[in-house]
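Peer 1: What shape does this take:
(chains A and B)
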Amino acid sequence: MTATQVRPLTQTETPSRPPTHDSGVRTPRWLYAVLAGGLFLVVVPFVWMLLSSFKPEQEVRAVPPTWWPETITFENYQILFEKLDFPTYFVNSVIVAVAVTVGNLVFCSMLGYALAKLTFPGKKALFAIVLGTLMVPGVVTFVPLFVLTTKMGLANSLIGMILPFLAAPFGVFLMRQFISSLPDELIQAARIDGAGEIRIFASVILPLCGPALATLGILTFLGSWNNFLWPLVVAQTEDKYTLPVALALYAVGQNATQYGLLLAGSVVVVLPVLVIFLFLQRHIMQGIAMTGIK
Amino acid sequence: MATTSATRHVDPTRRQQAVAAWVLALPFVLLFLAFTAGPVLASLGMSFTDMKRTDMRNPFAVEVVGLDNFTQLLGDPLFRKVTLNTLLYLVLGVPLTMAVALVLAVGVNRIERLKGFFRVGYYLPVVTSIVAVSVVWKFLYRDSGGLFNTMLGWVGVDGPGWLDSTTLALPALVLMSVWRNFGTLFVIFLAGLQTIPQELNEAAEVDGATGWGRFRHITLPMLRPTMLFGAVITGIGYLQFFEEAFVMTKGGPLDATRSVTYFTFDQFGYGNFGYAAAASYLLFLAIVILTYVQFRFLGDREEKVK
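Peer 2: Residues are numbered from 1 along each chain as shown, chains lettered A, B, ... in the order given. Next up, the predicted model:
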C-alpha cells in the first residue's frame, strides 16, 4: 500500500518540474493589463468615430460629449451619399486603387523575377536603382510631375493619378526577395523541357508567387486608397476627387463645422480598409517581415 | 548553371536570358524613367530657375537664376520657421514612436497567449488614412466637448485648446502621429525580438541578470540593426509631415505646425514652381543626410559591440 502510494507521488513530482523551471518566463497578469490598456487607447478613436457618425449634429457637438448615441440617425450618411457626391469619390478611389494594384502586381513581379533568377547585363545597376529610389519622397517629384501630366493632357484625370504609381520600387524589392527563395531547379527543369524564359515566368514562377502577390496586392491597395498629396495635386474638379481628397477639402472648407458629416465621411474612408485588413492581416504581417527584416 | 565568360558569346541560353530579362524589366524601366528619374532630375533643374505656373505655356520665359532660390529660401523667415517645425516633428516623433513601439513589442514578446490579437490590434491605425484619422483627432482635441478634455475634466484638470495654442498644437499633432505610426515599428521590433535566441536570456538569468539588465545588455544590442532600420523609415516619414497639419490646423496657429512639405505645397499653389522645387530639394537633401548619418552612427556602434 505504502509503496503504491509513494509511486504516484514521485510520478507527479517529475512532470511538475518543467512548470517551476519555466516560471521565469510565465507572464505576469499586470503585463496583460498594460497591453490591454494600450489596445484600448488604440481603438477608442475608431469606436468614437463610428458611434458619433450615427448621432444627430447637435448631439455630436454636445458638452459634455455622449458616448453611446442617444438618438441613432443615418442622416449624416444620407447627406454624404445623396446631397454630396461621395458615391463618385468612392468609385474614383476604387478605380485608382485597383488600377495601381494591378499595375504593381504585373510589372513588379516581372522585374522581380528578372532580378532574382536571370543573368543579364545591367542587373546590378537596375537593382541599385530599385533600392536607391525606395526613399524618394513624393514631395520632391510632384512639381515636375504636375508639369509632365499637364503636358500629356492628363491633368485632372484619373489616369494622371494612376500612371506615376503603376510600378513602385517597393514592389520590385518584395517580389525579388520572394522569388529568390524559390528553387532554381524548377526553372532549369522547365528550360530542359524547352520552355522559353517568358513562358517560365508566366507558367512556372507566377503560380508559385501567390503569397507574395497577395501581400503586395493588399499593401499597394491600402497605400493607394490612403494616398493624398498626388491626388490632391491632380484633381481640380470635384468629379475627380478621391475619398481622402474630398474629406480633407471638406474638413478645411465650407463643411468644416459639420462634425457629424465629417465623422461619417471618415468612417467611409476608414471602414473598408479596416475590414480588408482584419480579413487579410496575415499577408500584411508577412510582407513586413519579408521586407523589413533580412 | 553559371557559365564562364569565355563561353558567353556562344551560349544561346545566356543571350535569351538577357533578352527576356530586359523585356520583363521594360515596363518598370519606362515608368521609372518617365515618372521618377525624370522628375527627380527635372526638380533639381527647376530649382535653379524662376519657373512659374504661367511659364508652362511659354517655356522660353523661364530664366536660369543659379542659386537665387536657395539663398532666398535661407533668408525667408517662413522657410526657417517650417524647417524648425519639421525638425521638431522629427526630434519629438522618432524617439516617441520608437519608445512606444519597443515597450509594447517587448511586452507582447513576453506573453504566451493573444500575441496575434495584440499584433493586429496595434497595427490597426497604420492601415487607415491619415486624412480620416486627422479629422477624428481634430474632434478629440476640441477645447470643450472633446474627448481628451472631457477625460482630463474627470481628474479635475481644465484642458487647454490643444490645436489653438502655438506651443501645444505641434506636440498634439506629434502625439496623433505616434498613435497612427507606432504599429509598423511594433511589428518590425516584435519580429526582431523573436530572432533573439531564448538561450541568451536564460543564460543571463542563471548568471543573475535582472530584467532591466537583460533588456539593456541583450535585447538592445541584439535589436540594434532592426532599430536602425526603424529609425530611418520613421525619420523619413516625419520629415515629410504634411497631411495631419493640412487637415487639423491648416498649418496654424501662426504657422506653428507648418512643415517643409506644407511650405512646398503652398509655393506650388502660388505658382512658384522653381521656388517650390528648391524647397523640396533641401528636404530631399535632409532625408539623404539623415539616412546616411543614422547608418554611420548606429553602424559604428554595432562594430564596437563586436
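Peer 1: got the domain boundaries for the chain?
Peer 2: I went with chain A, as the question did not name one. As given by automatic domain parsing, the domain ranges for chain A are A:2-76, A:77-292.
Peer 1: Sorry, I should have been clearer: chain B.
Peer 2: Domain ranges of chain B: B:5-61, B:73-305, per automatic domain parsing.
Peer 1: can you pull out the helices in the stretch 51-200 of chain A?
Peer 2: Ranges of helices in the stretch 51-200 of chain A, per DSSP state H, counting those that start in this stretch, are A:57-60, A:75-78, A:86-117, A:123-132, A:138-151, A:158-162, A:169-180, A:184-192, A:197-200.
Peer 1: so after the helix or strand B:Trp212 falls within, what's the next helix or strand?
Peer 2: Taking DSSP states H and E as the criterion, the element that holds B:Trp212 is helix B:211-214. Once helix B:211-214 ends, the next helix or strand along the chain (criterion: DSSP H and E) is helix B:220-239.
Peer 1: Distance to chain A added to the domains of chain B, as a markdown table?
Peer 2: Any C-beta I mention is one placed from the backbone N, CA and C, and that applies to glycine too. A markdown table is the format used below for these (distance: least, CB to the nearest CB, whole Å):
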| stretch | distance to chain A |
| --- | --- |
| domain B:5-61 | 3 |
| domain B:73-305 | 4 |
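Peer 1: Could you identify which of these is most buried?
Peer 2: domain B:73-305 (a mean of 19; mean count of other CB atoms under 10 Å in any protein chain shown).
Peer 1: and the nearest residue to A:Leu166 once chain neighbours are set aside, what does it touch?
Peer 2: The shortest distance from A:Leu166 to any non-neighbouring residue, by CB to CB, 6 or more residues apart in numbering or on different chains, is to A:Gly103 (3.6 Å). Applying CB atoms under 8 Å, 6 or more residues apart in numbering or on different chains, we find A:Gly103 in contact with A:162, A:165-167.
Peer 1: Any chance of a ChimeraX selection covering the buried ones in those?
Peer 2: To isolate the buried subset of the contacts of A:Gly103 in ChimeraX, counting by 16 or more other CB atoms under 10 Å in any protein chain shown, use the following:
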select /A:162,165,166,167
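Peer 1: Out of the contacts of A:Gly103, flag the one nearest to chain B.
Peer 2: Among those, A:Ala167 lies closest to chain B (CB to the nearest CB), at 4.5 Å.
Peer 1: From A:Met110, how far out is that closest one?
Peer 2: Here the distance between A:Ala167 and A:Met110 works out to 9 Å (CB to CB, to the nearest Å).
Peer 1: Identify the contacts common to these two.
Peer 2: Common contacts of A:Ala167 and A:Met110 (CB under 8 Å, 6+ apart): B:27-28.
Peer 1: Name the nearest residue to A:Glu57, ignoring sequence neighbours.
Peer 2: Spatial nearest neighbour of A:Glu57, chain neighbours left out: A:Gly260 (4.8 Å); criterion: CB to CB, 6+ apart.
Peer 1: by how many degrees do the helix or strand hosting the one you found and helix A:86-117 diverge?
Peer 2: Mapping A:Gly260 onto the secondary structure by DSSP H and E places it in helix A:259-292. In terms of direction (axes from the mean of the first three to the mean of the last three CA atoms, to 10 degrees), helix A:259-292 departs from helix A:86-117 by 10 degrees.
Peer 1: buried residues in helix A:259-292?
Peer 2: Under the neighbour-count criterion of 16+ other CB under 10 Å, helix A:259-292 has A:259-274, A:276-277, A:280-281, A:283-292 buried.
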